[in-house]
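> return atomic coordinates for the entry below.
(one chain, ligands or ions: 1)
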Amino acid sequence: MEDYKILIIEDEKQIARFLELELKHEGYNVDISYNGKEGLKKIESADYDLVLLDIMLPDLNGIEICKRVRRFSAVPIIMLTAKDATSDKVMGLDIGADDYMTKPFAIEELLARIRVIRRNDTSNKNDKKMRICDLSMDRATHQVVRAGKVIELTKREYDLLECLLDNKGIVLTRDQLLEKVWGFDYTGDANVVDVYIRYLRSKIDDEYEVKLINTVRGVGYVIKETKNEDQSV
Ligand code: CA
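Here you go, the predicted structure:
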């Protein structure tokens, strides 16, 4: 978790120090700015994973900082506000903050909200759900669905489909597929790729009008949406 960088922008040194200690204790990498302008500069120049942003700052207030950050970055922002006014919260979220905490708050609650933001963040980065046409693959549950129907795949078929989806629209040669799905040390027949492509087609393509797995003659295979007439099999 040391590589998860959090910037605290908070002019009240005691609060900033307290947050820093707690977050470091949780294993986060923490940086502090005691004023808004410096904080904004830090966000511009470094790659933070999360910003804890106080609204009431002496020079540049949190609302203004948040607005400016959103012009160049989607870094998650949790606003920290001493006020409990609903208008402040709404405004914070309107200008692109991801969440807000009203001071004083329990540190456990802040930690929990950071965990939620981290969870959402990784799901975007790893692209847990992949789609093409009416087919979806959920990497979290290993479920493959086409046109609303759950498709049962063997481990190898799943890996092969995952590899094709990871490279959507890109033609992969048999050797590339062999290496990615069967591994470097596979010494068997390269035709195994064609065999498994056939298995996969029989499960996800044969009964559907739109074919997803396409053969590129003399090269390999690609997954993309194709109408029947331009599929070169
Ligand atoms: Ca303040």
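> need the contact list for V181.
The contact partners of V181, taken as CB atoms under 8 Å, 6 or more residues apart in numbering, are R156, D159, L160, C163, V193, Y196. For every residue, glycine as well, the C-beta is placed using N, CA and C.
> mark which of the residues you listed are buried, thanks.
By neighbour count, with 16 or more other CB atoms under 10 Å, those hold D159, L160, C163, V193, Y196 as buried.
> quick one, phi/psi of the first one?
Spelled out, that is D159. Note on D159: backbone dihedrals following degrees, to the nearest 10 are phi -60, psi -40.
> then D31?
Backbone dihedrals for D31, given as degrees, to the nearest 10, come out at phi -130, psi 150.
> swap in L19?
Main-chain dihedrals, L19, degrees, to the nearest 10: phi -60, psi -40.
> of the contacts of V181, which belong to helices?
Secondary structure defined by DSSP state H assigns R156, D159, L160, C163, V193, Y196 of the contacts of V181 to helices.
> next one, pLDDT for the fifth one please.
The reference is to V193. Here the pLDDT value assigned to V193 is 94.
> I'd guessed it sits against Q176; true?
No: using CB atoms under 8 Å, V193 is not in contact with Q176, being 9.4 Å away.
> greatest separation within the buried ones among the contacts of V181: which pair is it?
Longest distance between any two of the buried ones among the contacts of V181 is 11.8 Å, between D159 and V193; criterion CB to CB.
> skip the chain neighbours and tell me the closest residue to the residue in the chain that the ion sits nearest to.
Among the residues of the chain, M56 lies nearest to the ion; the distance is 3.9 Å by CB to the ion. Closest residue to M56 apart from its sequence neighbours, by CB to CB, 6 or more residues apart in numbering: A82 at 6.1 Å.
> and if you look at A190?
Across the structure, with CB to CB, 6+ apart as the measure, the residue nearest A190 apart from its sequence neighbours is R174 (5.4 Å).
> do the same with L212
Counting by CB to CB, 6+ apart, L212 lies nearest to I223, which is 5.3 Å off, once chain neighbours are set aside.
> let's see the helix or strand containing that neighbour as CSV, backbone CA atoms only.
If you go by DSSP states H and E, I223 is part of strand 220-226. Only the C-alpha atoms of strand 220-226 are listed here, as CSV (Å, rounded to 0.1, in the frame of the first residue of the first chain):
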residue,chain,number,x,y,z
GLY,A,220,-4.3,-15.9,-36.7
TYR,A,221,-7.5,-14.9,-34.8
VAL,A,222,-9.2,-11.7,-33.7
ILE,A,223,-12.3,-11.0,-31.6
LYS,A,224,-14.5,-8.3,-33.1
GLU,A,225,-18.0,-7.7,-34.1
THR,A,226,-18.6,-8.9,-37.6
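> hang on, Q176 packs against G220?
Yes: with contact defined as CB under 8 Å, Q176 and G220 form a contacting pair (6.9 Å).
> what about those two, which has more around it?
With neighbours defined as other CB atoms under 10 Å, Q176 and G220 compare such that G220 has more, 19 against 16.
> which residues does the more buried one bridge with?
For G220, the beta-bridge assignment (DSSP bridges) gives partners T173, V216.
> before we move on, what about M137?
For M137, the beta-bridge assignment (DSSP bridges) gives partners M130, V144.
> tell me the pLDDT of it.
90.
> re earlier: report the two of the ones in helices among the contacts of V181 separated the most.
Those two in the ones in helices among the contacts of V181 that are separated most widely, counting by CB to CB, are D159 and V193, at 11.8 Å.
> burial count for the residue nearest to M56?
Summarising burial for A82: neighbours were counted as other CB under 10 Å, giving 13.
> quick one: it from E209, how far?
For A82, the distance to E209 under the criterion CB to CB, to the nearest Å works out to 60 Å.
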